[in-house]
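1. build me a structure from this.
(one chain, ligands or ions: 2)
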Amino acid sequence: MTGRGFDIMKLPIGIQSFEKIRTDDYYYIDKTYFVKKLVEEGSYYFLSRPRRFGKSLFLDTLRQAFLAKKELFKGLYLYDKWEWDKKYPVIYLDFGEGMIESSDHLKKVIESNLRKISLYYQIELTEELLERRGIELIEKLYKKYQQKVVVLIDEYDKPILDCIEDQRRSETN
Ligand SMILES: Nc1ncnc2c1ncn2[C@@H]1O[C@H](COP(=O)(O)OP(=O)(O)OP(=O)(O)O)[C@@H](O)[C@H]1O
Ligand SMILES: [Mg+2]
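-> Residues are numbered from 1 along each chain as shown. Ligands and ions are numbered 1, 2, ... in the order given. The predicted structure follows:
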């Protein structure tokens, strides 16, 4: 308690991890109603919002809900409105980190991400083509866990923006 009679909570400046916000007692505006609404209303979403609007944190909130991390949602809207005994395999890709130099570089980044996820879920990928590997991962995850696979992608446009003003790179790649 403070002298003014209320708790001052920490603001989660720059924090995009739902787990960190919830376990380290940061101030959190409950957006979990939208997790439920989204899942009830459709299967595919493109979330386009201005900068610093909470997209990454919301994506991570979706991830933790689909991973059934019930304890993180205590006291929030979703807590008694979600099937916590259902755990979904999640493919989470974030293109926000680092600078993508070319389409080859982008392919390597995607390849490395798919490899990490397949190792985590102990899935063997055998397809040669990258275009097929993503689908192979989804199909094998579905088969292994008998659950729909959740695919979450953050900063999908960052690799495009990295090259868009470089005339030479956007012409050759
Ligand atoms: N529901 C919330 N409650 C409290 N703080 C929040 C909430 N949602 C987002 N924030 C805070 O707002 C800031 C911006 O959030 P976030 O990084 O998720 O936005 P963004 O839309 O992904 O931004 P960018 O466009 O830069 O990628 C972060 O500090 C985050 O912790
Ligand atoms: Mg973001």
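2. which residues does the closest residue to Val90 other than its chain neighbours contact?
-> Spatially, and ignoring its direct neighbours in sequence, Val90 is nearest to Val150 (4.6 Å; Cβ to Cβ, 6 or more residues apart in numbering). Using the backbone N, CA and C atoms, a C-beta is placed for each residue, glycine as well. Contacts for Val150 (Cβ atoms under 8 Å, 6 or more residues apart in numbering) come out as Leu62, Arg63, Phe66, Tyr88, Pro89, Val90, Ile91.
3. out of those residues, which are inside helices?
-> Leu62, Arg63, Phe66 (DSSP state H).
4. how near is His105 to Ser43?
-> Distance, His105 to Ser43, by Cβ to Cβ, to the nearest Å: 31 Å.
5. and if you look at Leu141?
-> In terms of Cβ to Cβ, Leu141 sits 16 Å off from Ser43.
6. neighbour count winner among these two?
-> Per other Cβ atoms under 10 Å, whichever of Leu141 and Ser43 has more neighbours is Leu141, with 23 against 7.
7. quick one: the more buried one and Ile123 touch, right?
-> Yes. Contact criterion Cβ atoms under 8 Å: Leu141 and Ile123 qualify, at 6.4 Å.
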